[in-house]
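**Student:** Got a predicted structure plus its sequence, pasted below:
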Amino acid sequence: MSREKFVKALSYIIVAFVLALTFFPLYFLIVTSIKPFTDQFTSPPILIPRNLTLEGYLNAIERWNFPNYLLNSIIITVGSVILSILLGVPMAYSLTRFRFPRNINDSLAFFILSIRMLPPIVGIIPIYTIYTHLGLIDTFQGLILAYTVFNLPFTVWIMRGFFLDLPREIEEAALVDGCSALQTFLRIVIPLSTSGILTTASLCTVQSWNEFIFAVFLTSAERKTIPVLISSFTGENAYFWGEMMAVATMAILPVFILILIIQREFVKGLTFGAVKAVSYTHLRAHETRHELVCRLLLEK
């Protein structure tokens, strides 16, 4: 065997091994969710069950009221992501295009990111106290606001990188053509940053969907989310593994479907960046910046 074939075969083996390690927990999760109750506690565990059942899924839906938790998670996640994008994108743009006094743009951006570095548990006590006085405990508004504060620094930092790579000449061409700063932002910058916005929104969606600390401390009964439901399947004397795995499997599906829908823009935003996204998505052959601006304005 030649050296090239050996290296190629070895690389395939390593990739297969890494994929097996990556997907085995997901496989075990799904298999456990469809095992009969008696097979869930065997040692060693049964990896290929002979008898399959949907009892865990039926119990999760009927006895544990999974649809209510799913609806809560969807409303809170969608609301927080929309609010994070609406607030974070203009903040990120202002940090890259407008010079603040004493040139504190970079310091301000780092300060915003440093807020995200703090674990949520640090501020949960003062937040809980404030929410108690404002009547926001166990409400959609309270959790959406908390998740927005949690996601906003991340949104600003990621979008700031996209806006820094976006050529200013395109915006200058729009200003020369008579657009105001607001029109340039809404009709030129936003369309060119679609990949970055979708990438940031999808990452914020995953964070909000999986968030546990705020959901468990700021809710009491009506507005609990899926992570809180999953944590309730274990206790001192009872372990509902089937229901837990069934809920975890169903919780993966919405995020999985979302990534499938926007996977092209998501991969583009993670790999190419804003400048290449512009060249691949909007710039046509021999199209000048002024022609690009005119086409974007006409599309609106």
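**Tutor:** Yep, that arrived.
**Student:** Counting by contacts, list what the helix or strand where S107 lies packs against.
**Tutor:** Taking DSSP states H and E as the definition, S107 sits inside helix 105-117. Where contact means 3 or more CB pairs under 8 Å, 6 or more residues apart in numbering; DSSP states H and E, helix 105-117 is packed against helix 66-97, helix 140-165. Yep, even glycine has a C-beta here, placed from its N, CA and C like the rest.
**Student:** what angle do it and helix 140-165 make?
**Tutor:** Using axes from the mean of the first three to the mean of the last three CA atoms, to 10 degrees, the direction of helix 105-117 lies 140 degrees away from that of helix 140-165.
**Student:** contacts for helix 105-117?
**Tutor:** Residues from elsewhere that reach helix 105-117 (CB atoms under 8 Å, 6 or more residues apart in numbering): M91, L95, T96, R99, F100, F150, L152, P153, F154, V156, W157, R160.
**Student:** What separation do you get for the third one and N105?
**Tutor:** It refers to T96. Distance from T96 to N105, counting by CB to CB, to the nearest Å: 8 Å.
**Student:** Quick check: the farthest pair among the contacts of helix 105-117?
**Tutor:** Greatest spacing in the contacts of helix 105-117, by CB to CB: R99 and F150 (28.8 Å).
**Student:** Now do the host helix or strand of T199: distance to the chain's middle.
**Tutor:** Using DSSP H and E, T199 falls within helix 194-210. Counting by CA atoms, centre = their mean, to the nearest Å, helix 194-210 is centred 4 Å from the centre of its parent chain.
**Student:** give me the low-pLDDT residue ranges for the chain?
**Tutor:** Scanning the chain for pLDDT under 70 picks out 1, 236, 265-300.
**Student:** Grab the most central residue of it for me.
**Tutor:** For the chain, L203 is the residue whose C-alpha lies nearest the centre (CA atoms, centre = their mean; 2.5 Å).
**Student:** For E172, see how far away that one is.
**Tutor:** With distances defined as CB to CB, the gap from L203 to E172 amounts to 31 Å.
**Student:** Next, the buried residues of the next helix or strand after the helix holding S107.
**Tutor:** The C-terminal neighbour of helix 105-117 among helices and strands, as given by DSSP H and E, is helix 124-134. Within helix 124-134, the residues that count as buried by 16 or more other CB atoms under 10 Å are I124, I127, Y131.
**Student:** Can you give me the buried ones in the one helix or strand A20 maps to?
**Tutor:** Element membership for A20 (DSSP H and E) is helix 3-33. Neighbour counts using 16+ other CB under 10 Å place V31, T32, S33 of helix 3-33 among the buried residues.
**Student:** Let me see the ranges of the helices in the stretch 201-300 of the chain.
**Tutor:** Using DSSP state H, counting those that start in this stretch, the helices found in the stretch 201-300 of the chain span residues 213-217, 226-231, 241-261, 263-271, 273-281, 289-299.
**Student:** Pull out the buried positions in the shortest one.
**Tutor:** Applying a neighbour-count criterion of 16+ other CB under 10 Å, the buried positions in helix 213-217 are I213, F214, A215, F217.
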